[in-house]
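Peer 1: Turn this into a structure:
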Amino acid sequence: MEQPLGENKNAVEFDANQISFPLLIRTFNPGDRFHPQGGAGSGKIKKFFINEKMDRETRHTVPLVAGEDILWVMGIRRCAGKQVDSESGRVLRMESLKRCR
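Peer 2: Numbers count the residues shown, from 1 in each chain. Here you go, the predicted structure:
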């Protein structure tokens, strides 16, 4: 098993076996849903941005990493699930080289 290096706002790790590829980096589309880690459940990403006190102009510039689902709102929060654990064979690590927020 690959060893995880740890996460922070600008670096996340996922169990690669639970990810659907290909992944895209994009901005949000109306109706997008996101299940943030530590959140009660899935909700619209627009509401997530509002709860994060993000103004309308900024919302359209925040990069998202998405496959079938939104995995990471870069620099802000990762999705719930797809965690690296002792059963994980491959670790997918993503880092933002630029502070996103």
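
Peer 1: For Pro14, pull up the helix or strand it's in.
Peer 2: Rather than Pro, residue 14 is Phe. For Phe14, the host element (DSSP states H and E) is strand 11-15.

Peer 1: Could you grab the helix/strand/coil label for the residue most central in space within the chain?
Peer 2: The geometric centre of the chain, computed from its C-alpha atoms, lies nearest to Trp72 (Cα atoms, centre = their mean), at 0.9 Å. State at Trp72, reduced to three classes by DSSP: H, G, I helix; E, B strand; the rest coil: strand.

Peer 1: How much space separates the spatially closest residue to it that is not a sequence neighbour from Glu7?
Peer 2: The shortest distance from Trp72 to any non-neighbouring residue, by Cβ to Cβ, 6 or more residues apart in numbering, is to Val65 (4.3 Å). Backbone N, C-alpha and C define where each C-beta goes, glycine included. Separation of Val65 from Glu7 (Cβ to Cβ, to the nearest Å) stands at 13 Å.

Peer 1: Tell me which of the two has more neighbours.
Peer 2: Applying other Cβ atoms under 10 Å to Val65 and Glu7 shows that Val65 carries more neighbours, namely 22 against 17.

Peer 1: which residues sit in contact with the more buried one?
Peer 2: Residues near Val65 by Cβ atoms under 8 Å, 6 or more residues apart in numbering: Leu23, Leu24, Ile25, Leu71, Trp72, Met74, Met94.

Peer 1: Among the residues you listed, which one lies nearest to Glu87?
Peer 2: Of all those, the one with the least separation from Glu87 (Cβ to Cβ) is Leu71, at 18.9 Å.

Peer 1: count of neighbours near the closest one?
Peer 2: Other residues near Leu71 number 22, with proximity taken as other Cβ under 10 Å.

Peer 1: ranges for the helices of this protein?
Peer 2: According to DSSP state H, the chain carries its helices in the segments 45-51, 56-59.

Peer 1: Out of those, which is the most enclosed?
Peer 2: Ranked by mean neighbour count, the helices of the chain are led by helix 45-51 with a mean of 17 (mean count of other Cβ atoms under 10 Å).
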